[in-house]
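Enquirer: Sequence first, predicted model second:
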Amino acid sequence: MSRVGKHPVAIPANVTVEIANDTVTAKGKLGTLSARITSDVEVTVADNIVSVRPARETQKARAMWGTTRALVSNLVTGVSTGFTVNLEINGVGYRAAVEGKDLVLSLGFSHPVRYPIPEGISMKCERPTAIEISGADKQRVGQIAAEIRAFRPPEPFKGKGVKYATETVLRKEGKKK
């Protein structure tokens, strides 16, 4: 039995959830998000609660039960409060700044790396070594954070590079004489 799927999703006061055909749509203060649902699960909305249950007793239906519940929960959370990923930059001379619609990164290359900020995503640099990425769509926020981290992932000897704020870099011992 799915441990995630059996818990209903509570809908906040400022969010509306609609189910049409095979699409769940959530509208809130941060915009509108929608997700397709498979025919293996049944999604119902009643009394400000979204509940998901398998339509059949097949292995695929039981697998999609928890996945669909998590997707619906991410839609509701995204349009009501949004998602945020924090990145940290370590290294001498490594810095970031938001210039217009671009994120400009100095990561030790011969040129600054310019990353265009997509629509629906906001980026802030409170200090030159911290980047805050926020938006309504959890998948897009995580993907953008991963793309920025991929420009210079943290290296294991000095820890230089871009890392998630919650990430711990496993350090290696250097050469011995």
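Expert: On my side now, so go ahead.

Enquirer: okay, CA-based contacts and neighbour counts for the rest of this
Expert: Fine.

Enquirer: and the lengthiest helix in the chain, C-alpha only, in CSV?
Expert: Counting by DSSP state H, the longest helix found in the chain is helix 59-80. Taking Å, rounded to 0.1, in the frame of the first residue of the first chain, the C-alpha atoms of helix 59-80 are listed here in CSV:
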residue,chain,number,x,y,z
GLN,A,59,1.1,-2.9,-10.2
LYS,A,60,1.2,0.2,-12.4
ALA,A,61,-1.8,1.7,-10.8
ARG,A,62,-0.3,1.2,-7.4
ALA,A,63,3.0,2.7,-8.5
MET,A,64,1.3,5.8,-10.0
TRP,A,65,-0.9,6.3,-6.9
GLY,A,66,1.9,7.9,-4.8
THR,A,67,3.4,9.6,-7.8
THR,A,68,0.2,11.3,-8.8
ARG,A,69,-0.5,12.4,-5.2
ALA,A,70,3.0,14.0,-5.0
LEU,A,71,2.4,15.8,-8.3
VAL,A,72,-0.9,17.2,-7.1
SER,A,73,0.7,18.2,-3.8
ASN,A,74,3.5,20.0,-5.7
LEU,A,75,0.9,21.9,-7.8
VAL,A,76,-1.0,23.1,-4.8
THR,A,77,2.2,24.1,-2.9
GLY,A,78,3.7,25.8,-6.0
VAL,A,79,0.8,28.1,-6.7
SER,A,80,0.3,29.0,-3.0
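
Enquirer: Dig out what E88 forms beta bridges with.
Expert: Legend: beta-bridge partners of E88 under DSSP bridges are A130, K163.

Enquirer: Could you pull up the residues touching it?
Expert: Counting by C-alpha atoms under 8 Å, 6 or more residues apart in numbering, E88 touches 129-131, 162-165.
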